[in-house]
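In: everything below, folded, please.
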Amino acid sequence: MSAGPGSPVVPGSAPPNGGFVRRVGLFQATAINMSQMCGIGPFVTIPLMVAAFGGPQAVIGFAAGAVLALCDGLVWAELGAAMPGSGGSYVYLRQAFQYRTGRLMPFLFVWTAMLFIPLIMSTGVVGFVQYLGYLAPGLGQTSGDLVGLGVIALVVLLLWRGIEHIARITAVMWTVMIASVLLVIAAAAGDFSPHLAFTYPAHAFDLTSDHFWLGFAAGLTIGIYDYLGYNTTAYMGAEIKDPGRVLPRSIIFSILGIMAIYLLLQIGTLGVIDWHRMTNPGDIASTSVASAVLEKTWGKGAADTVTVLILITAFASVFTGLLGGSRVPYDAARDRVFFRPYEKLHPKHRFPTLGLATMGVITAIGFLIGRHTDLATLIQLLTTVMVIVQALAQIVALSVLRRRQPALKRPYRMWLYPLPSIVAFAGWCVIYGYADRNSPGRHPVEWSLAWLGLGCVAFVVWARLEKVWPFGAKEISEEYVTPEEPAVV
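Out: Numbering: from 1, shown residues only. This is a model prediction of the structure:
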């Protein structure tokens with residue numbers, strides 16, 4: 001068992017009761033978020049964004065994604081600073097909804113997170129193999145599958161160690177990520193054509209057209225997918241130094257930094273490569289657009305070199321994603337809201353072994369599925385799975401906790417509350433509402449509701465066995481509220 005959430009731990013000391021150690025500072029925390037956010041995402045989704053909007057006005061999608069990420073990030077910032085335990089959303093939903101529905105909401109979150117977090121990582125591995133195809137044009141389907149599975153195995157192996165070693169590895173990967181995107185931006189700036197970047201097709205900004213709003217919804221989905229990861233350190237709250245200060249800053253700094261990078265990358269790419277090439281499945285610009293930019297501007301040698309850096313960047317995003325995600329089932333199992341074997345930590349390195357192994361396996365399965373479908377559909381599916389239980393419920397949780405636990409210490413409070421919450425809620429609703437229309441025949445909304453329904457059934461069975469609500473009394477635990485300042489129930 002670990003120290004209780006919020007318990008003070010001297011950096012570098014042995015934690016009470018064998019729990020996590022607070023060793024991750026602001027730079028490392030921001031690097032972890034940015035590595036997970038950037039990854040392979042923008043390098044593979046720029047063509048998808050252009051296809052969704054039907055022209056270079058696709059930059060709207062990245063801008064809209066930034067607004068949604070920043071507003072939602074402020075939700076994470078307040079909750080993470082106030083409740084810096086391992087598990088992120090699990091902790092916040094457990095605290096907010098325990099008064100009416102017992103452990104239902106945290107159970108459903110873990111149920112969905114065990115699916116959508118690895119699916120996000122699987123898209124990174126799909127992108128890795130996609131860019132590897134630029135360096136090895138003869139890479140076949142089977143060879144690509146084997147390479148991707150090998151990458152996942154290597155990530156799990158590297159994570160099978162102490163957090164202090166991982167923090168150093170992440171800092172190196174962050175440096176490589178920054179170098180790769182800056183090189184692409186620099187190459188694009190040297191051969192930038194305003195005519196290519198800012199010549200739009202007819203009716204590109206027709207706000208009365210259903211086509212525009214379909215493209216906007218698809219672009220917003222792709223945009224927020226590219227920004228996902230700004231919350232990675234919130235999942236590692238029990239391992240962050242001075243979380244009341246570091247967690248909010250790491251979230252906000254990483255979003256602002258990645259926003260600047262993405263906009264420069266998107267506009268620069270559109271100013272070098274004709275957007276029609278990005279929508280042509282037979283063109284290298286549709287699968288490895290950054291490599292196409294480098295090849296056109298600096299030559300094949302430079303393109304090969306930067307492609308290697310992009311591969312390292314993709315690897316880093318999967319690495320940091322599984323690092324944070326593997327902590328989710330640990331906290332739930334420790335509190336008897338998930339299967340009990342998930343509460344075990346490695347006896348020496350103090351990381352959740354079963355959580356990491358399970359998510360590694362699901363990532364591998366998601367990668368194989370993604371290799372035999374299209375990436376845009378996979379993004380739609382994983383996004384709809386997370387919207388209801390995590391994104392929307394967590395926004396509600398922020399307001400619930402302000403009412404239920406007014407004495408909760410909040411080192412950071414959301415700016416302009418509740419406006420960012422309202423904007424974030426509306427943005428997630430747009431993504432969910434348009435999901436089926438942007439993935440005809442795939443039915444992502446129906447699949448997400450089916451998975452949620454199955455989770456409710458699993459909860460009933462689990463609650464019956466554990467004799468908790470609705471088959472037992474509710475257990476109210478306001479562990480982050482100091483005894484001198486009780487919450488309002």
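
In: any stretches of the protein with poor pLDDT?
Out: Counting by pLDDT under 70, the chain contains low-confidence ranges at 1-20, 86-87, 161-170, 346-347, 349-350, 483-489.

In: in it, spot the helix with the most residues.
Out: The helix that spans the most residues within the chain, counting by DSSP state H, is helix 104-135.

In: just the angle between the next helix or strand after that helix and helix 104-135, please?
Out: Downstream of helix 104-135, the first helix or strand assigned by DSSP states H and E is helix 141-159. Between the axes of helix 141-159 and helix 104-135, defined by axes from the mean of the first three to the mean of the last three C-alpha atoms, to 10 degrees, the angle is 120 degrees.

In: just how off-centre is the longest helix of the chain within its chain?
Out: For helix 104-135, the distance between its averaged C-alpha position and the chain's averaged C-alpha position is 9 Å (C-alpha atoms, centre = their mean, to the nearest Å).

In: give the contact list for residue 93.
Out: Neighbour list for residue 93: 105, 106, 109, 389, 393, 394, 397 [criterion: C-beta atoms under 8 Å, 6 or more residues apart in numbering]. Where you see a C-beta, it was placed from the backbone N, CA and C, and this is true even at glycine.

In: residue 481: which of the residues you listed is nearest?
Out: Taking C-beta to C-beta as the measure, residue 481 lies nearest residue 397 of these, at 15.1 Å.

In: tell me where this protein has strands.
Out: With DSSP state E as the criterion, the chain has no strands.

In: mind exporting stretch 434-441 as PDB, just the C-alpha atoms?
Out: In PDB, the C-alpha atoms belonging to stretch 434-441 read as follows (Å, rounded to 0.1, in the frame of the first residue of the first chain):
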ATOM      1  CA  TYR A 434     -20.800  14.500 -35.200                       C
ATOM      2  CA  ALA A 435     -18.800  11.300 -34.700                       C
ATOM      3  CA  ASP A 436     -21.200   9.000 -36.600                       C
ATOM      4  CA  ARG A 437     -21.700  11.400 -39.500                       C
ATOM      5  CA  ASN A 438     -17.900  11.700 -39.900                       C
ATOM      6  CA  SER A 439     -17.400   7.900 -39.800                       C
ATOM      7  CA  PRO A 440     -20.300   6.500 -41.900                       C
ATOM      8  CA  GLY A 441     -20.800   2.800 -41.500                       C
END
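
In: other residues contacting that stretch?
Out: With C-beta under 8 Å, 6+ apart as the criterion, stretch 434-441 contacts 52, 213-214, 217-218, 221, 376-377, 380-381, 383-384, 442-446.

In: just the ones in helices from those residues, please.
Out: Counting by DSSP H, the part of the contacts of stretch 434-441 found in helices is 52, 213-214, 217-218, 221, 376-377, 380-381, 383-384, 444-446.

In: by neighbour count, which of those wins?
Out: Highest neighbour count within those, by other C-beta atoms under 10 Å: residue 221, with 32 neighbours.

In: in contact with the nearest residue to residue 113 once chain neighbours are set aside, which residues?
Out: Taking C-beta to C-beta, 6 or more residues apart in numbering as the measure, residue 113 lies nearest to residue 328, with 4.9 Å between them; neighbours along the chain are not counted. Contacts of residue 328 were listed using C-beta under 8 Å, 6+ apart, and they are 87, 88, 89, 90, 110, 113, 114, 117, 235, 355.

In: again, 7 Å this time
Out: Contact criterion C-beta atoms under 7 Å, 6 or more residues apart in numbering gives 87, 88, 90, 110, 113, 117, 235, 355 as the residues in contact with residue 328.

In: any idea how far it lies from residue 118?
Out: Between residue 328 and residue 118 the distance is 11 Å, computed by C-beta to C-beta, to the nearest Å.

In: ok, now residue 198?
Out: 39 Å.

In: could you do residue 181 as well?
Out: As defined by C-beta to C-beta, residue 181 lies at a distance of 25 Å from residue 118.

In: between those two, which one's more packed in?
Out: Between residue 181 and residue 118, counted using other C-beta under 10 Å, residue 118 has the larger neighbour count: 26 against 22.

In: burial of the closest residue to that one other than its chain neighbours, as a residue count?
Out: The shortest distance from residue 118 to any residue other than its chain neighbours is 3.7 Å, reached at residue 362 (C-beta to C-beta, 6+ apart). Neighbour count of residue 362, defined by other C-beta under 10 Å: 19.

In: thought residue 362 was touching residue 120?
Out: No - using C-beta atoms under 7 Å, residue 362 is not in contact with residue 120; the gap is 10.8 Å.

In: distance to residue 152 for the contacts of residue 93 - can I get that in a markdown table?
Out: Below are the contacts of residue 93 laid out as a markdown table (distance: C-beta to C-beta, whole Å):
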| residue | distance to residue 152 |
| --- | --- |
| 105 | 30 |
| 106 | 27 |
| 109 | 24 |
| 389 | 25 |
| 393 | 29 |
| 394 | 28 |
| 397 | 32 |
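
In: any idea where the helices of the stretch 201-350 of the chain begin and end?
Out: If you assign secondary structure with DSSP state H, counting those that start in this stretch, the helices in the stretch 201-350 of the chain sit at 210-227, 232-235, 243-270, 275-278, 289-297, 300-325, 328-334.

In: any idea which of those gets closest to residue 71?
Out: Taking C-beta to C-beta as the criterion, residue 71 comes closest to helix 243-270 out of these, the separation being 9.8 Å.

In: list the helices and strands the closest one packs on?
Out: In this structure, helix 243-270 makes packing contacts with helix 26-38, helix 41-53, helix 59-82, helix 163-190, helix 194-198, helix 210-227, helix 232-235, judged by 3 or more C-beta pairs under 7 Å, 6 or more residues apart in numbering; DSSP states H and E.

In: state the distance from residue 336 to residue 343.
Out: Distance check for residue 336 against residue 343: by C-beta to C-beta, it reads 9 Å.

In: who's more crowded, the two?
Out: residue 343 (20 against 14).

In: show me what contacts the more buried one?
Out: With C-beta under 7 Å, 6+ apart as the criterion, the residues that contact residue 343 are 330, 333, 334.

In: residue 352 now?
Out: Taking C-beta under 7 Å, 6+ apart as the contact definition, residue 352 lies against 326, 327, 330, 342, 345.

In: ok, it to residue 276 distance?
Out: 47 Å.

In: same check on residue 419?
Out: Residue 419 sits 39 Å away from residue 276, going by C-beta to C-beta.

In: kindly report the same for residue 481.
Out: Taken as C-beta to C-beta, the span from residue 481 to residue 276 is 58 Å.
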